[in-house]
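**Student:** Please find the sequence and the predicted model below.
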Number of protein chains: 2
Amino acid sequence: MAHPADPATTRAPAAGTTEKPSDSYVQSFARGLSVIRAFDAAHPAQTLTEIAQASGLTRAGARRILLTLVGLGYVQNDGRLFRLTPKILDLGFAYLTSMPFWNLAEPVMEALSQSVHESCSISVLDGTEIVYVLRVPARKIMTINLSIGSRLPAYCSSMGRVLLSGLDDAELDRVLQASDLQPRTRRTVTDIDQLKRLVADIRSRGWAQNDQELEEGLVSLAAPIRSRTGQVIAALNISGQANRTSAQEMVDRFLPPLLEAAGKISAMVSLRT
Amino acid sequence: MAHPADPATTRAPAAGTTEKPSDSYVQSFARGLSVIRAFDAAHPAQTLTEIAQASGLTRAGARRILLTLVGLGYVQNDGRLFRLTPKILDLGFAYLTSMPFWNLAEPVMEALSQSVHESCSISVLDGTEIVYVLRVPARKIMTINLSIGSRLPAYCSSMGRVLLSGLDDAELDRVLQASDLQPRTRRTVTDIDQLKRLVADIRSRGWAQNDQELEEGLVSLAAPIRSRTGQVIAALNISGQANRTSAQEMVDRFLPPLLEAAGKISAMVSLRT
């Protein structure tokens, strides 16, 4: 595809200039990304045929994209097998370092985790899901296995509800309508009107608690991180185990340090932005 | 651009079939990635003009790619400004979870960090650099600010030298020749022959120490993580401050638990792969 406005390609005349450029851009970029996402814990090294199947491409199409990714250094090929390279992390790193609380939040989270002896995380909203962007695990045998980049549904997590409380009513409605509201435990609230009331409470109160709605035994408390203009840009939480700390005990002991830490990070964000 | 072999595009006849497909694929993919990488801590939100400048594209070219990235959900546009979205992390997450020690290494690292009261990291080699893929920070006021995805030169870091010790002589030579060998402190070894001797020592001894060659005051110890076939696939380290723990003290106290942890992770990798 040629880009008439782009000096890098005008030297080599090529067909395709009559085609809508954005369509083919979207297509080739989306396909490249689908090949990257075909790799995971269960499939770290794959053959061309396996990658074609996983990404829904023809063998010829998958081969072309794999050669591109190899050329750019994002994939390596040892004989039959293809693998991702660590260069992939540069892309996520660009995102992480572009967050306004990057480098500021972690020391505050470490102090918070140390004072309550539980794990702390920060997440942001992406559609109907929350995405973990920072995490400080507690020093315990039984920790929750959630790392940077992992996702949970917003409607039934404490950070998710804090992030939903930052939306206006129309957006909140859209996200809840688009959510796959499943009873993940017998406590999970899945009724849209009830969820809206819970989110309204969180909006006025300034924090959320999750008492085993996501998973049996899992309790958590979350508070918003705000921009200088008061917009909710992220959520900070403390997660714990119901058999160690009851929901009420969590509020009594962990809410003051959580709110203090969230306020501190918000203040630092305001100073920076 | 049309891909004759790909059923998704054969329905819409388009020009461009005579062009070499891999060139335009590489080009559009590489440009999309250069736009993603134009964002960082100093430039989290940018205008079209700024992004075009940072990525070396024309305004028209940058606009086309930004619209693609917005369409795919990797960039958001609030009025004049463009920002990355957390969806970017999915790509790095695909890489992290495809590592053979994913989910296995972190508990071992946490126990190690807790026993020595210092930070632990795992990194892999990418060209002349090491890339951090896992990190467990110590609970201290003064911790080293290195997160997943961050990079350091291999030739002057303890993990880097461990990773270099896993290369054969020809590869080692290539990497050292391609490295920008700078004296980062007055202790940094920058002579290629001397570096080769140090790497050979590490190969036979099975661990590396860095005594303030990367940064004044920074000491570290590293050991290899090996695949079932004995190949060095990653390095595990403990980093510390010279004013708290001397290099010799580090070897005396930290080497045994480091080697034990690296052996444990290697054994788990062997069982899985």
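**Tutor:** Looks like it arrived, so ask away.

**Student:** and chain A, what are its domains?
**Tutor:** Domain assignment for chain A, taken from the TED database, gives A:27-87, A:99-271.

**Student:** Please render those as JSON lines that adds mean neighbour count, distance to chain B and mean pLDDT to the earlier fields.
**Tutor:** C-beta coordinates here come from the backbone N, C-alpha and C atoms, glycine included. Formatted as JSON lines, the domains of chain A follow (neighbours: other C-beta atoms under 10 Å in any protein chain shown; distance: least, C-beta to the nearest C-beta, whole Å; pLDDT from 0 to 100):
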{"stretch": "domain A:27-87", "mean neighbour count": "18", "distance to chain B": "4", "mean pLDDT": "88"}
{"stretch": "domain A:99-271", "mean neighbour count": "19", "distance to chain B": "3", "mean pLDDT": "91"}
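
**Student:** Redo those domains as JSON lines? Include distance to residue B:138.
**Tutor:** Output for those, formatted as JSON lines (distance: least, C-beta to C-beta, whole Å):
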{"stretch": "domain A:27-87", "distance to residue B:138": "24"}
{"stretch": "domain A:99-271", "distance to residue B:138": "9"}
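
**Student:** Out of the ones you listed, which gets nearest to residue B:193?
**Tutor:** Nearest to residue B:193, of all these, is domain A:27-87, at 28.4 Å by C-beta to C-beta.

**Student:** next one: that closest one to chain centre, how far?
**Tutor:** The chain centre lies 23 Å from the centre of domain A:27-87; the measure is C-alpha atoms, centre = their mean, to the nearest Å.

**Student:** picking up where we left off before, figure out which of the domains of chain A is closest to residue B:248.
**Tutor:** That would be domain A:99-271 among these, by C-beta to C-beta, at 27.7 Å.

**Student:** ends of the closest one, how far apart?
**Tutor:** One end of domain A:99-271 sits 14 Å from the other (C-alpha to C-alpha, to the nearest Å).

**Student:** ok, now stretch A:154-163?
**Tutor:** 8 Å.

**Student:** List the contacts of that stretch.
**Tutor:** A:121, A:123-125, A:128-130, A:152-153, A:164, A:175-176, A:179, A:181, A:184, A:188-190, A:195, A:198-199, A:202, A:207-210, A:213-214, A:220-224, A:232, A:234-237 (C-beta atoms under 8 Å, 6 or more residues apart in numbering or on different chains).

**Student:** cutoff 7 Å now
**Tutor:** Stretch A:154-163 has contacts (C-beta atoms under 7 Å, 6 or more residues apart in numbering or on different chains) with A:123, A:125, A:128-130, A:152-153, A:164, A:175-176, A:179, A:181, A:184, A:188, A:195, A:198-199, A:202, A:208-210, A:213-214, A:220-224, A:232, A:235, A:237.

**Student:** what do you get for stretch A:217-229?
**Tutor:** With C-beta under 7 Å, 6+ apart, stretch A:217-229 has contacts from A:101, A:122, A:158-159, A:162, A:166, A:206-212, A:232-243, A:245, A:247, A:250-251, A:254-255, A:258-259, A:262, A:265-266, A:269-270, A:273.

**Student:** now do stretch A:255-271
**Tutor:** Applying C-beta under 7 Å, 6+ apart, the contact partners of stretch A:255-271 are A:100-101, A:104-105, A:108-109, A:112, A:115-116, A:207, A:221, A:223-228, A:236, A:238.

**Student:** Which ones among the residues you listed map onto helices?
**Tutor:** Secondary structure defined by DSSP state H assigns A:105, A:108-109, A:112, A:115-116 of these to helices.

**Student:** Can you show me the strands along chain A?
**Tutor:** A:45-46, A:75-78, A:81-84, A:119-126, A:129-136, A:151-153, A:208-211, A:218-226, A:232-241 (DSSP state E).

**Student:** Quick check: longest helix in chain A by residues?
**Tutor:** Chain A, longest helix under DSSP H: helix A:247-272.

**Student:** Look at stretch A:185-193 and report the distance between its end residues.
**Tutor:** Stretch A:185-193 has an end-to-end distance of 19 Å (C-alpha to C-alpha).

**Student:** now do stretch A:211-226
**Tutor:** With C-alpha to C-alpha, one end of stretch A:211-226 sits 24 Å from the other.

**Student:** Off-centre distance for it?
**Tutor:** Distance, centroid of stretch A:211-226 to centroid of chain: 16 Å (C-alpha atoms, centre = their mean).

**Student:** go on, stretch A:262-273?
**Tutor:** 21 Å.

**Student:** partners of residue A:123 in the sheet?
**Tutor:** Here residue A:123 sits in beta bridges with residue A:132, residue A:235, as judged by DSSP bridges.

**Student:** so what's it up against?
**Tutor:** A:130-133, A:159, A:234-235.

**Student:** The longest helix of chain A: how far from the chain's middle?
**Tutor:** From the chain centre to the centre of helix A:247-272 is a distance of 21 Å (C-alpha atoms, centre = their mean).

**Student:** now that helix against helix A:105-116, angle please.
**Tutor:** Using axes from the mean of the first three to the mean of the last three C-alpha atoms, to 10 degrees, one finds that helix A:247-272 and helix A:105-116 are set 160 degrees apart in direction.

**Student:** can you give me the angle helix A:247-272 makes with strand A:218-226?
**Tutor:** Using the same axes, to 10 degrees: helix A:247-272 against strand A:218-226 is 20 degrees.

**Student:** returning to that earlier point: can you check which of the strands of chain A gets nearest to residue B:72?
**Tutor:** Nearest to residue B:72 among the strands of chain A is strand A:119-126 (12.7 Å), distances taken as C-beta to C-beta.

**Student:** and that closest one with helix A:105-116, angle?
**Tutor:** Using the same axes, to 10 degrees: strand A:119-126 against helix A:105-116 is 140 degrees.

**Student:** and strand A:119-126, how far out from the chain's middle?
**Tutor:** Counting by C-alpha atoms, centre = their mean, strand A:119-126 is centred 7 Å from the centre of its parent chain.

**Student:** One more: stretch A:123-135?
**Tutor:** With C-alpha atoms, centre = their mean as the basis, stretch A:123-135 stands 3 Å off its chain's centre.

**Student:** Could you tell me the end-to-end distance of it?
**Tutor:** End-to-end span of stretch A:123-135 (C-alpha to C-alpha): 9 Å.

**Student:** now swap in stretch A:238-256 and tell me
**Tutor:** 12 Å.

**Student:** go on, stretch A:33-47?
**Tutor:** By C-alpha to C-alpha, one end of stretch A:33-47 lies 17 Å from the other end.

**Student:** can you list contacts of that stretch?
**Tutor:** Stretch A:33-47 has contacts (C-beta under 7 Å, 6+ apart) with A:51, A:54-55, A:62, A:65-66, A:69, A:74, A:80-84, A:88, B:90-91, B:94, B:97-100, B:102.

**Student:** ok, now stretch A:128-135?
**Tutor:** Outside of stretch A:128-135, the residues within contact range by C-beta under 7 Å, 6+ apart are A:96, A:99, A:105-106, A:109, A:119, A:121-124, A:146-154, A:157, A:159-160, A:163, A:175, A:178-179, B:86, B:89.

**Student:** Can you list the residue ranges for helices in the stretch 1-150 of chain A?
**Tutor:** A:7-10, A:21-36, A:48-55, A:59-72, A:89-97, A:105-116 (DSSP state H, counting those that start in this stretch).
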